[in-house]
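In: Build the 3D model from these lines:
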Amino acid sequence: MPMSAAEIEALIKAGLPDAQVTVEDLRGDGDHYAATVVSAAFRGKSRVQQHQMVYAALQGRMGGALHALALQTSPPQD
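Out: The predicted structure is shown next:
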């Protein structure tokens, strides 16, 4: 069963409580999303590490309930 944008946002915020999250359904099919995630937890982390943190917050749903997620991650701009 596809996930909603709200579910994706809630999971990411549960895993990264300070995160500012924007999720967009790219095709309207509940399978292909783009997410922008800004979190202080990303400071000092590589892009790969940042993405791994988001995938961890999704609790194993990537590749299953969530087919495709294009990620843009960054720490907040001070």
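
In: So, low pLDDT: which residues of this structure?
Out: 1 (pLDDT under 70).

In: So which residues of it form strands?
Out: 20-25, 32-38, 68-74 (DSSP state E).

In: number of nearby residues for the residue nearest to Ala41 when sequence neighbours are not counted?
Out: Setting aside the residues directly before and after it, Ala41 is nearest to Leu16 in space (Cβ to Cβ, 6 or more residues apart in numbering), at 5.6 Å. All C-beta atoms are positioned from the backbone trio N, CA, C, and that covers glycine. By the criterion of other Cβ atoms under 10 Å, Leu16 has 22 neighbours.

In: so what's Leu16 up against?
Out: Listed by Cβ atoms under 8 Å, 6 or more residues apart in numbering, the contact set of Leu16 reads 37, 39, 41, 53-54, 57.

In: sorry, back to before: tabulate the strands of the chain (a markdown table), appending distance to Ser46 and mean neighbour count.
Out: Output for the strands of the chain, formatted as a markdown table (distance: least, Cβ to Cβ, whole Å; neighbours: other Cβ atoms under 10 Å):
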| stretch | distance to Ser46 | mean neighbour count |
| --- | --- | --- |
| strand 20-25 | 20 | 15 |
| strand 32-38 | 15 | 19 |
| strand 68-74 | 10 | 16 |
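
In: The protein: helices as residue ranges?
Out: 5-15, 47-57 (DSSP state H).

In: nearest to His67, of the ones you listed?
Out: helix 5-15 (11.7 Å; Cβ to Cβ).

In: contacting residues around the closest one?
Out: Contacts for helix 5-15 (Cβ under 8 Å, 6+ apart): 19, 21, 23-25, 33, 35, 37, 53-54, 56-59, 61, 66, 69.

In: contacting residues around Ala35?
Out: 8-9, 12, 21-24, 54, 69-72 are the contacts of Ala35 under Cβ under 8 Å, 6+ apart.

In: JSON lines for those residues, including distance to Val48?
Out: Listed next are these as JSON lines, based on distance: Cβ to Cβ, whole Å:
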{"residue": "Ile8", "distance to Val48": "20"}
{"residue": "Glu9", "distance to Val48": "22"}
{"residue": "Ile12", "distance to Val48": "17"}
{"residue": "Val21", "distance to Val48": "19"}
{"residue": "Thr22", "distance to Val48": "21"}
{"residue": "Val23", "distance to Val48": "21"}
{"residue": "Glu24", "distance to Val48": "22"}
{"residue": "Val54", "distance to Val48": "11"}
{"residue": "Leu69", "distance to Val48": "15"}
{"residue": "Ala70", "distance to Val48": "15"}
{"residue": "Leu71", "distance to Val48": "11"}
{"residue": "Gln72", "distance to Val48": "14"}
